[in-house]
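A.B. asks: Okay, here's the prediction I keep looking at, along with the sequence it came from:
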Amino acid sequence: MIETWRWFGPSDVTTISDIMQTGATGIVSALHHIPDGAVWPASEIAKRQAQISTTRDGRASGLVWLVVESLPVSEDIKRQTGAWREHIANYKLSLANLAAAGISTVCYNFMPVIDWTRTDLAWRLPHGGTCMRFDAIDFAAFDIHLLQRKGAAESVSQAVATEATARFKRMSDADKQKLAASVLAGLPGAADRLSVDTVQEHLARYGDISSERLRRHLFDFLEEVVPVAAALGIRLCCHPDDPPFSLMGLPRIMSTEADYRAMLDHLPDAANGMTLCSGALGARPDNDLAGIMQRLGDRVHFLHLRNVQLESEGVGGSFYESEHLDGSVDMVALIRAIVDEEARRKAAGRSDAIIPMRPDHGQDILDDLNRGGQPGYPLIGRLKGLAELRGVARALASGSAGQPSSAASRR
């Protein structure tokens with residue numbers, strides 16, 4: 001795997017100099033300040049590349065902008081309303097500008113209104129660190145009582161609705177504000193900011209759009225942009241829903257292996273691929289991550305490796321973001337499937353034999369707790385995860401996993 005690191009630009013508290021010390025060689029970044037639907041100008045792309053290639057004191061970093069995450073798909077495109085055709089044309093121009101700059105992997109998602117969603121961005125762990133958590137009861141309390149969405153109480157079980165109401169009544173005003181801020185948190189520097197009012201407006205615009213209709217809109221989008229990406233030598237890779245189940249009554253169409261199979265089969269061009277995010281897909285107990293990699297691996301263009309600990313057996317339950325090797329996802333089995341896929345690609349002579357990977361999210365530990373970084377993106381927590389993932393991958397690639405070392409065998 002090509003080790004990469006997500007960087008949010010000059011405002012990121014993790015600097016390029018910090019990333020140089022992690023061992024990662026590629027950067028995953030985006031132009032978050034450009035509004036969704038607008039063209040990414042060549043000048044802004046070049047500016048970000050220059051920021052990545054040079055440290056603040058003018059030294060060459062040796063790092064390159066390898067993956068775009070994300071080139072956003074506008075809500076107009078997802079709904080096919082307003083200026084959606086213009087936005088698709090702009091998307092094609094942005095792809096051309098990225099290709100001209102030498103960037104060939106572009107991640108995107110097709111989640112309506114909000115993408116990743118958590119109810120607590122700093123949930124305290126027994127060891128004293130913190131992590132992000134999704135609490136199903138807290139989210140129901142937000143949906144029913146803060147968002148006041150019509151039909152919210154009926155979209156969950158009676159037991160969940162009752163407990164959510166009881167919990168909401170116990171919340172202070174500060175608790176309610178913290179919950180809303182956690183659910184609506186966005187990326188640093190993003191042009192579009194969400195509030196309860198704007199989410200309500202978005203929900204009204206989605207109206208009665210079903211999963212089937214949203215999937216049709218995805219396919220329409222891909223029919224337009226995949227041929228352009230293929231001609232430019234760009235690999236598009238769709239990120240899964242996070243979490244992979246319906247929220248706020250909105251359809252989710254990239255949550256399971258079957259969802260990805262439908263998308264990949266609809267447009268079998270190699271430019272149409274997937275981002276395999278083990279944490280997002282792993283938040284459903286019925287997703288077999290290693291099996292997905294084995295069956296769909298030839299179309300996996302980007303990897304997010306992180307783990308989650310599920311707190312219930314059903315779909316839609318609570319979970320928290322665990323350490324990279326300890327959680328509900330069998331990370332060793334998944335990495336074994338990745339190593340096997342890369343070996344197949346090498347044997348086939350594919351130019352993309354080695355897949356870009358980033359250690360996704362991480363627990364805030366040690367000095368992370370005082371750095372004030374983007375939730376989910378601590379420096380030390382991710383570095384710990386990268387070291388663990390790197391060790392597993394190298395052991396499996398060398399064929400030594402599970403075998404005693406020569407020194408150990410002599411003892």
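C.D. replies: Alright, I've got the coordinates.

A.B. asks: those helices in the stretch 201-350 of the chain, which residues are they?
C.D. replies: With DSSP state H, counting those that start in this stretch as the criterion, the stretch 201-350 of the chain has helices at 211-232, 257-266, 278-281, 289-296, 331-348.

A.B. asks: Pick the most deeply packed of the ones you listed.
C.D. replies: With neighbours defined as mean count of other Cβ atoms under 10 Å, those peak in mean count at helix 278-281, which reaches a mean of 28. (C-beta placed from N, C-alpha, C; glycine too.)

A.B. asks: still on that earlier bit, as TSV, the helices of the stretch 201-350 of the chain with mean pLDDT and distance to residue 37 would be great.
C.D. replies: Shown next, in TSV, are the helices of the stretch 201-350 of the chain (pLDDT from 0 to 100; distance: least, Cβ to Cβ, whole Å):
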stretch	mean pLDDT	distance to residue 37
helix 211-232	98	12
helix 257-266	98	22
helix 278-281	98	24
helix 289-296	98	29
helix 331-348	98	34
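
A.B. asks: Just want to check the distance between the nearest residue to residue 46 once chain neighbours are set aside and residue 3.
C.D. replies: Leaving aside its sequence neighbours, residue 46 sits nearest to residue 101 (Cβ to Cβ, 6 or more residues apart in numbering; 6.6 Å). According to Cβ to Cβ, to the nearest Å, residue 101 stands 21 Å off from residue 3.

A.B. asks: tally of neighbours for the residue nearest to residue 318 when sequence neighbours are not counted?
C.D. replies: What sits nearest to residue 318 in space, not counting adjacent residues and going by Cβ to Cβ, 6+ apart, is residue 311, at 4.3 Å. Neighbourhood size, residue 311 [other Cβ atoms under 10 Å]: 14.

A.B. asks: isn't residue 311 right up against residue 322?
C.D. replies: No: checked against Cβ atoms under 8 Å, the pair residue 311 and residue 322 is beyond contact range at 10.8 Å.

A.B. asks: now the closest residue to residue 3 other than its chain neighbours, what's its secondary structure?
C.D. replies: Of all residues not flanking residue 3 in the chain, residue 24 sits nearest, at 4.5 Å (Cβ to Cβ, 6+ apart). Each residue gets one of three states, and residue 24 gets coil by DSSP: H, G, I helix; E, B strand; the rest coil.

A.B. asks: which phi and psi does residue 24 have?
C.D. replies: phi -70, psi 150 (degrees, to the nearest 10).

A.B. asks: quick one: it and residue 45, what's the gap?
C.D. replies: 20 Å.

A.B. asks: Off-centre distance for the one helix or strand residue 168 maps to?
C.D. replies: Per DSSP states H and E: residue 168 is located in helix 158-170. Put simply, helix 158-170 sits 30 Å off its chain's centre (Cα atoms, centre = their mean, to the nearest Å).

A.B. asks: Report the rounded mean pLDDT for it.
C.D. replies: What helix 158-170 shows for mean pLDDT is 98.

A.B. asks: And for stretch 307-314?
C.D. replies: On average, stretch 307-314 scores 95.

A.B. asks: So which bits of it are buried?
C.D. replies: Residues of stretch 307-314 classed as buried by neighbour count (16 or more other Cβ atoms under 10 Å): 307-310.

A.B. asks: coming back round to it: residue 24 and residue 45: which is more packed in?
C.D. replies: Neighbour count, other Cβ under 10 Å: between residue 24 and residue 45, residue 24 has more, with 24 against 20.

A.B. asks: Give me the nearest residue to residue 230, chain neighbours excluded.
C.D. replies: residue 271 (4.0 Å).

A.B. asks: for residue 80, same thing?
C.D. replies: residue 217 (5.4 Å).

A.B. asks: Is it correct that that neighbour is in contact with residue 78?
C.D. replies: Yes: assessed by Cβ under 8 Å, residue 217 is found in contact with residue 78 at 5.9 Å.

A.B. asks: Low-confidence ranges, the stretch 301-411 of the chain, go.
C.D. replies: Counting by pLDDT under 70, the ranges of the stretch 301-411 of the chain that qualify are 400-411.

A.B. asks: Just give the number of residues close to the nearest residue to residue 140 once chain neighbours are set aside.
C.D. replies: Spatial nearest neighbour of residue 140, chain neighbours left out: residue 164 (3.7 Å); criterion: Cβ to Cβ, 6+ apart. For residue 164, the count of nearby residues is 24 (other Cβ under 10 Å).

A.B. asks: Distance of residue 164 relative to residue 174?
C.D. replies: Taken as Cβ to Cβ, the span from residue 164 to residue 174 is 18 Å.

A.B. asks: Just give the nearest non-adjacent residue to residue 153, would you?
C.D. replies: residue 161 (4.6 Å).

A.B. asks: which ones are touching that neighbour?
C.D. replies: Residues near residue 161 by Cβ atoms under 8 Å, 6 or more residues apart in numbering: 140, 144, 153.

A.B. asks: Could you measure from the second one over to residue 248?
C.D. replies: Which is residue 144. The value you get for residue 144 to residue 248, if Cβ to Cβ is used, is 11 Å.

A.B. asks: list residues touching both of those two?
C.D. replies: Counting by Cβ under 8 Å, 6+ apart, the common neighbours of residue 144 and residue 248 are residue 152.

A.B. asks: List the beta-bridge partners for the closest residue in space to residue 326 that isn't next to it in sequence.
C.D. replies: Using Cβ to Cβ, 6+ apart and skipping residues adjacent in sequence, the residue nearest residue 326 is residue 307, 6.6 Å away. Beta bridges link residue 307 to residue 322, judged by DSSP bridges.

A.B. asks: Low-confidence bits of the stretch 101-250 of the chain, can you list those?
C.D. replies: Ranges of the stretch 101-250 of the chain meeting pLDDT under 70: 187-192.

A.B. asks: could you pull out the strands for it?
C.D. replies: For the stretch 101-250 of the chain, the strands defined by DSSP state E, counting those that start in this stretch cover 105-108, 120-124, 130-134, 235-238.
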